[in-house]
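S.K.: Next comes the sequence, and after it the predicted model I'd like to discuss.
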Amino acid sequence: MTDLLRDGYDVVVAGGGAAGLSGALTLARSRRSVLVVDAGSPRNAPAAGVHALLAREGIPPAELLERGRAEVRGYGGQVVPGEVDAVVREEDGFAVTLTGGRAVRARRLLVATGAVDELPDVPGLRERWGRDVVHCPYCHGWEVRDQAIGVLATGPFSVHQAQLFRQLSADVVFFSHTAPPSEEQTEELAARGVRIVDGKVTALEIAQDRLVGVRLSDGTVVGRAALAVASRITVRAGFLAGLGLRPADHPSGMGQYIPADATGRTEVPGVWAAGNVAEPAAQVGAAAAAGTMAGAQINADLIAEETRRAVAAYRRVRAG
Ligand SMILES: Cc1cc2nc3c(=O)[nH]c(=O)nc-3n(C[C@H](O)[C@H](O)[C@H](O)COP(=O)(O)OP(=O)(O)OC[C@H]3O[C@@H](n4cnc5c(N)ncnc54)[C@H](O)[C@@H]3O)c2cc1C
């Protein structure tokens with residue numbers, strides 16, 4: 001790391017995706033000293049463009065974050081590559097240790113480390129992820145409209161996912177795989193013209209770097225140009241263990257999250273969480289908005305602390 005770090009900051013932000021950078025932008029514009037430490041692997045990195053993002057529709061993910069880093073730096077915020085390895089409480093704040101051993105102090109901590117998508121164990125799925133193996137109709141649906149779409153059923157969300165992609169194409173096949181539909185769901189899928197194919201999916205058929213089919217355990221290949229898959233979300237939050245802050249199971253069944261209130265405040269005083277680490281369903285716009293909200297709340301919290309101290313000092317002076 002070549003960047004010169006200070007010993008202490010008002011706020012350290014762990015993670016420099018949409019959430020972390022938006023939080024940092026708000027804080028830097030409020031003249032807070034802020035350090036963003038970013039490991040550089042945003043969740044949407046495999047995708048060609050960010051979609052459903054007003055005024056930046058289709059921008060490459062790396063370009064969006066490059067612009068964001070420049071904006072934060074433009075107000076005096078520091079953004080450095082690296083990884084937060086551990087956080088422990090200290091008097092008046094936290095000691096934040098980065099991988100490699102460098103430690104800085106922070107009065108407040110914003111956790112914006114995003115999420116990791118765990119994919120079903122089907123060979124080839126990971127390599128196609130974010131390209132023609134997709135999960136989100138709002139992120140990639142338009143791009144695969146009218147194509148031959150498959151849905152790999154792995155859990156309770158898969159039928160809903162099939163219905164969402166049916167909105168985008170009349171040719172949707174539901175691969176029962178490990179989560180066959182109930183009787184009621186079978187009727188719903190049939191009513192919407194979604195064909196159900198039973199049996200385990202064992203491989204993807206690829207030709208000229210494109211998905212062309214889905215292979216079943218009996219050797220049948222069903223021609224498909226795109227495959228929708230629901231991932232299981234895990235969060236990168238091991239570094240919070242020293243604060244007693246641990247991931248919980250998200251009520252939606254999507255996977256893990258760090259519970260936080262609507263402003264991003266976690267159960268640990270002084271620690272906020274924003275973006276996918278706190279809400280797995282948040283898209284880029286929602287993650288950025290959560291970061292902005294958390295940044296503003298942290299600033300307000302710091303102002304409250306500074307006002308308490310100022311009043312105490314003021315009273316001492318007045319008391320002579
Ligand atoms: C394939 C795919 C395509 C998508 N397409 C779209 C789309 O078109 N439109 C849309 O709105 N949404 C899309 N999304 C969702 C989008 O990725 C998320 O909404 C967004 O990334 C959430 O932002 P975030 O800041 O919470 O997390 P991220 O963007 O994941 O950023 C978190 C950052 O924290 C870093 N980090 C992790 N651990 C640490 C640590 N210990 N210390 C320091 N840094 C750390 C990571 O390396 C990463 O850079 C897509 C998701 C996927 C999987």
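M.R.: That came in fine, so what should we check first? In this text, all values refer to a predicted model and were calculated from it rather than measured experimentally.

S.K.: where does the residue with the shortest distance to the centre of the chain land in three-state SS?
M.R.: Geometric centre of the chain, nearest residue: residue 276, 3.1 Å, by CA atoms, centre = their mean. The three-state label for residue 276, taken from DSSP: H, G, I helix; E, B strand; the rest coil, comes out as helix.

S.K.: Now it. Nearest residue, chain neighbours left out?
M.R.: Once flanking residues are discounted, residue 276 sits nearest to residue 115: 3.9 Å by CB to CB, 6 or more residues apart in numbering. Yep, even glycine has a C-beta here, placed from its N, CA and C like the rest.

S.K.: Let me know how buried the one you found is, in neighbour terms.
M.R.: Burial of residue 115 is recorded as 26 neighbouring residues (other CB atoms under 10 Å).

S.K.: what about the helices in the stretch 101-250 of the chain?
M.R.: 125-128, 137-140, 158-166, 183-191 (DSSP state H, counting those that start in this stretch).

S.K.: Comparing these, which comes out most buried?
M.R.: Of all the helices of the stretch 101-250 of the chain, helix 158-166 carries the top mean neighbour count, a mean of 21, counting by mean count of other CB atoms under 10 Å.

S.K.: Residue 134 is in contact with residue 231, isn't it?
M.R.: No - the criterion here is CB atoms under 8 Å, and residue 134 misses it with residue 231 at 10.3 Å.

S.K.: Up against the ligand, what does the stretch 1-150 of the chain have?
M.R.: Applying CB under 6 Å from any ligand atom, one finds that the stretch 1-150 of the chain approaches the ligand through 14-20, 37-44, 46-47, 50-53, 83-84, 112-114, 117, 129-130, 136, 139.

S.K.: Pull out the buried members of those.
M.R.: Neighbour counting by 16 or more other CB atoms under 10 Å classes 14-20, 37-39, 42-44, 47, 50-53, 83-84, 112-114, 117, 129-130, 136, 139 among these as buried.

S.K.: any low-confidence regions in this protein?
M.R.: 1-2 (pLDDT under 70).

S.K.: can you rerun that using 80?
M.R.: Within the chain, the stretches with pLDDT under 80 are 1-3.

S.K.: Domain map for it?
M.R.: Annotated domains of the chain cover 8-117+232-319, 120-229 [automatic domain parsing].

S.K.: if you compare the ones you listed, which one is most tucked away?
M.R.: domain 8-117+232-319 (a mean of 19).

S.K.: Distance from the chain centre to that one, please.
M.R.: Relative to its parent chain, domain 8-117+232-319 has a centroid offset of 12 Å by CA atoms, centre = their mean, to the nearest Å.

S.K.: Contact partners for the residue nearest to the centre of the chain?
M.R.: The contact partners of residue 276, by CB atoms under 8 Å, 6 or more residues apart in numbering, come to 17, 19, 43, 114-115, 233, 235, 282, 287.

S.K.: Also residue 24?
M.R.: Neighbour list for residue 24: 11, 13, 16, 34, 36, 72, 77, 79, 110, 291, 295 [criterion: CB under 8 Å, 6+ apart].

S.K.: ok, 10 Å please
M.R.: If a contact means CB atoms under 10 Å, 6 or more residues apart in numbering, then residue 24 has 11-13, 15-16, 32, 34-36, 38, 68-69, 71-73, 75, 77-79, 110, 112, 291, 295 as its contacts.

S.K.: May I have stretch 88-100 as PDB, with CA atoms only?
M.R.: What follows is stretch 88-100, C-alpha atoms only, in PDB (Å, rounded to 0.1, in the frame of the first residue of the first chain):
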ATOM      1  CA  VAL A  88     -11.600  -4.100  18.100                       C
ATOM      2  CA  ARG A  89     -13.200  -1.500  20.400                       C
ATOM      3  CA  GLU A  90     -10.900   1.100  22.000                       C
ATOM      4  CA  GLU A  91     -11.700   4.100  24.200                       C
ATOM      5  CA  ASP A  92     -13.600   6.600  22.000                       C
ATOM      6  CA  GLY A  93     -13.800   4.300  19.000                       C
ATOM      7  CA  PHE A  94     -12.200   1.400  17.300                       C
ATOM      8  CA  ALA A  95      -8.800   0.100  16.200                       C
ATOM      9  CA  VAL A  96      -9.000  -1.100  12.600                       C
ATOM     10  CA  THR A  97      -6.300  -3.500  11.400                       C
ATOM     11  CA  LEU A  98      -5.700  -4.000   7.800                       C
ATOM     12  CA  THR A  99      -4.300  -7.100   6.200                       C
ATOM     13  CA  GLY A 100      -0.600  -6.600   6.400                       C
END
